[in-house]
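Undergrad: predicted model follows, preceded by the sequence.
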Amino acid sequence: MPMIDADGCLLNVSVEGRDGGPTLMLSNSLGSTMQMWEPQMKALTQVFRVIRYDRRGHGKSSVPPGPYSLERFGRDVLAILDDLNIARAHWCGLSMGGMVGQWLGANAPDRFGKIILANTTCHYPDPTRWNDRIKTVKEGGIAAVADTVIAGWLTADFREREPQITANMKAMMLTTPVEGYIACCEALSTLDQRELLPKIKSPTLVIAGRHDMSTTIADAEFMRSRIPGASMTILDAAHISNVEQPHAFTDAVIGFLTQR
Ligand SMILES: O=C(O)CC1=CCC(=O)O1
């Protein structure tokens, strides 16, 4: 796996899949790593050259001091594409990954073909939730928020039915460096990309989770209505819909990206 330098931050990047196929870049959520895409990898790598990476402050990437910003996350992605000599890619980002996708779609339109924004929002009107989480994590580490966050990631039905997957997701979250997690929460606390949405000209699919209380169907519908020509799919899932509904999510991604 290459480590790619983005203005001094080493990013852990993986390139897999079909040589010569169209490139698809996947981008993870807060508190997860590129591993979160495992349920999609077998199917996606048959069609695409798939690039995954750990966002700065997460996984095996470096943890520079925060706060971070959506622009910084977007420039990290462009550094990866430049380093790999990739002129153009499709994008699929979930949650924070979808926020980065909005920034890229508006600010680097020539670099992206189609864009998928899953379980995400463009705006947090009230920073309290993120400021509270930052305070709790500073005092007690990620463990102090892990069960609450997992309850938002996956429905109670899923957690009961799939205790091992749930435990794996929690273990992945607990590996996140505290400084990286907090620096990302700081970026989220001021998130407002509403004005970027009309600038996204790539064909865009918005994916929402029917039970997602973190980024709601209303948030998704707002984005769909502001991004020219965007369409929307609702899955029977909470926030991490690619894990809770792996087949439906994968089908939605491949269907959208391969349709003419
Ligand atoms: O961590 C959460 O509660 C949900 C979330 C919001 C942005 C993100 O990436 O995850």
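TA: Cool, got the structure.
Undergrad: going forward, measure contacts between C-alpha atoms and count neighbours the same way
TA: Noted.
Undergrad: number of residues surrounding whichever residue of the stretch 101-250 of the chain sits closest to the ligand?
TA: For the stretch 101-250 of the chain and the ligand, the shortest gap (C-alpha to the nearest ligand atom) falls at residue 149, measuring 5.0 Å. Residues lying near residue 149 (other C-alpha atoms under 10 Å) number 17.
Undergrad: give me the element it is part of.
TA: Using DSSP states H and E, residue 149 falls within helix 143-153.
Undergrad: so for that helix, what's the average pLDDT?
TA: Here helix 143-153 scores 98 as its mean pLDDT.
Undergrad: identify each buried residue in it, please.
TA: Buried positions in helix 143-153, judged by neighbour count with 16 or more other C-alpha atoms under 10 Å: 143, 145-146, 149-150, 152-153.
Undergrad: residues contacting that helix, please?
TA: Defining contact as C-alpha atoms under 8 Å, 6 or more residues apart in numbering, one finds that helix 143-153 is touched by 133, 136-137, 166, 169-170, 173-174, 212-214, 238-240.
Undergrad: out of those residues, which one sits closest to residue 41?
TA: Nearest to residue 41 among the contacts of helix 143-153, counting by C-alpha to C-alpha, is residue 240 at 15.6 Å.
Undergrad: so what touches the helix or strand following the helix holding residue 149?
TA: Taking DSSP H and E as the definition, the helix or strand that follows helix 143-153 towards the C-terminus is helix 156-161. Contacts with helix 156-161, where a contact means C-alpha under 8 Å, 6+ apart, come from 165-166, 244.
Undergrad: still on that earlier bit, how near is the residue of the stretch 101-250 of the chain closest to the ligand to residue 57?
TA: Counting by C-alpha to C-alpha, to the nearest Å, the gap from residue 149 to residue 57 is 18 Å.
Undergrad: next one: residue 103
TA: 19 Å.
Undergrad: quick one: which of the two has more around it?
TA: More crowded of residue 103 and residue 57, by other C-alpha under 10 Å: residue 57, with 26 against 23.
Undergrad: that one falls within a helix, correct?
TA: No: going by DSSP: H, G, I helix; E, B strand; the rest coil, the assignment for residue 57 is coil, not a helix.
Undergrad: can you check what pLDDT the model gives it?
TA: Predicted confidence (pLDDT) for residue 57: 98.
Undergrad: check contacts around it.
TA: Neighbours of residue 57 in contact, by C-alpha under 8 Å, 6+ apart: 63-64, 176-177, 179-181, 183-184.
Undergrad: next, count neighbours for the nearest residue to residue 79 once chain neighbours are set aside.
TA: The shortest distance from residue 79 to any non-neighbouring residue, by C-alpha to C-alpha, 6 or more residues apart in numbering, is to residue 6 (5.5 Å). Neighbour count of residue 6, defined by other C-alpha under 10 Å: 19.
Undergrad: beta partners of residue 6?
TA: residue 9 (DSSP bridges).
Undergrad: what residue is smack in the middle of the protein?
TA: Centrality entry for the chain: nearest residue to the mean C-alpha point is residue 97, 2.3 Å, by C-alpha atoms, centre = their mean.
Undergrad: skipping adjacent residues, who's closest to it in space?
TA: Excluding the flanking residues, the one nearest residue 97 by C-alpha to C-alpha, 6+ apart is residue 27, at 4.5 Å.
Undergrad: what's near enough to touch the closest residue to residue 154 other than its chain neighbours?
TA: Spatially, and ignoring its direct neighbours in sequence, residue 154 is nearest to residue 238 (5.1 Å; C-alpha to C-alpha, 6+ apart). Applying C-alpha under 8 Å, 6+ apart to residue 238 gives the contacts 152-155, 209-213, 244.
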